[in-house]
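K.L.:
Based on what follows, work out the 3D shape:
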Amino acid sequence: DIENSIGGQLVASLFSRAGHRKIAMINGPEMHVDAIERERGFIEGLSDAGLFKVTKRYGDFLIQSGYSNMNSILDELMPDAVFCANDYMAAGAIKALWEAGVRVPTDVSVVGYDNNDICEAIIPSLTTIDHRLEELGQCLAQELLDLVQGRKSEIHRSIVPRLVERGSHTAGMSEDTLPFRWA
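P.N.:
Take a look at the predicted model:
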């Protein structure tokens, strides 16, 4: 179990601690299990913090859907924080914000999910949730080896995700301490 709902709760806690109140979410497909769990954890975490209003859009986990959904959100409101249910949609959202003249993270914080290679390829680098798939793969491989070697195996391990903070979220940073400057 990769505990997607806990990952969503981590983002909600980060946004709450930073004082964000105008929050948006760009999620994956409405019927996708990972998307459902990430949204559930995020909404529960925000509710626990007394934050109940979230502007939501649904995409397909691709860069273009993050881009188009961010533009749609900007037509409705200017959020101060955006949670994207994967890093590719977050990259698309950051591109849309940049084209609209919105500064990340000074004006809007953006957080993704997955901790994949795109996180450090974009500017600013992406704060994200690492669901630790490499560790999960190692656990599953060991379980498989145990089964092949005749050892009793019970796969009931849960891998708890972790927050990886990078430049796309301000969490206590002032514009003077950001790792880059907007022209």
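K.L.:
going forward, measure contacts between C-alpha atoms and count neighbours the same way
P.N.:
Fine.
K.L.:
got the residue ranges for the helices in the protein?
P.N.:
4-17, 33-48, 63-76, 87-99, 133-148 (DSSP state H).
K.L.:
in the second one, what's buried?
P.N.:
Neighbour-count burial for helix 33-48, counted by 16 or more other CA atoms under 10 Å, picks out 34-46.
K.L.:
Need the max-distance pair from these.
P.N.:
Pairwise distances across the buried residues of helix 33-48 peak at 18.3 Å for 34 and 46 (criterion: CA to CA).
K.L.:
ok, back up a step: in JSON lines, list the helices of the chain along with distance to residue 25 and mean pLDDT.
P.N.:
Below are the helices of the chain laid out as JSON lines (distance: least, CA to CA, whole Å; pLDDT from 0 to 100):
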{"stretch": "helix 4-17", "distance to residue 25": "11", "mean pLDDT": "96"}
{"stretch": "helix 33-48", "distance to residue 25": "8", "mean pLDDT": "96"}
{"stretch": "helix 63-76", "distance to residue 25": "9", "mean pLDDT": "98"}
{"stretch": "helix 87-99", "distance to residue 25": "10", "mean pLDDT": "98"}
{"stretch": "helix 133-148", "distance to residue 25": "23", "mean pLDDT": "76"}
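K.L.:
of all the buried residues of helix 33-48, which comes closest to residue 142?
P.N.:
For the buried residues of helix 33-48, the nearest to residue 142 is residue 34 (24.2 Å; CA to CA).
K.L.:
Now do the same contact list for the closest residue to the closest one other than its chain neighbours.
P.N.:
Spatial nearest neighbour of residue 34, chain neighbours left out: residue 4 (6.4 Å); criterion: CA to CA, 6 or more residues apart in numbering. By CA atoms under 8 Å, 6 or more residues apart in numbering, the contact set of residue 4 is 34, 37-38, 41, 131, 161.
K.L.:
which one of these sits closest to residue 99?
P.N.:
Checking the contacts of residue 4 one by one against residue 99 (CA to CA), the nearest turns out to be residue 38, at 27.5 Å.
K.L.:
how much space is there between that closest one and residue 114?
P.N.:
11 Å (CA to CA, to the nearest Å).
K.L.:
and the closest residue to residue 56 other than its chain neighbours, what pLDDT?
P.N.:
Residue nearest to residue 56 in three dimensions, not counting chain neighbours: residue 25, with 4.8 Å by CA to CA, 6+ apart. The model reports residue 25 with a pLDDT of 98.
K.L.:
ok, residue 24 - contacts?
P.N.:
54-56, 73, 79, 81-83.
K.L.:
Go again with 6 Å.
P.N.:
54-56, 82 (CA atoms under 6 Å, 6 or more residues apart in numbering).
K.L.:
how close does residue 87 sit to residue 47?
P.N.:
Residue 87 is 24 Å from residue 47, by CA to CA.
K.L.:
just residue 85 next, same as before
P.N.:
Distance from residue 85 to residue 47, by CA to CA: 18 Å.
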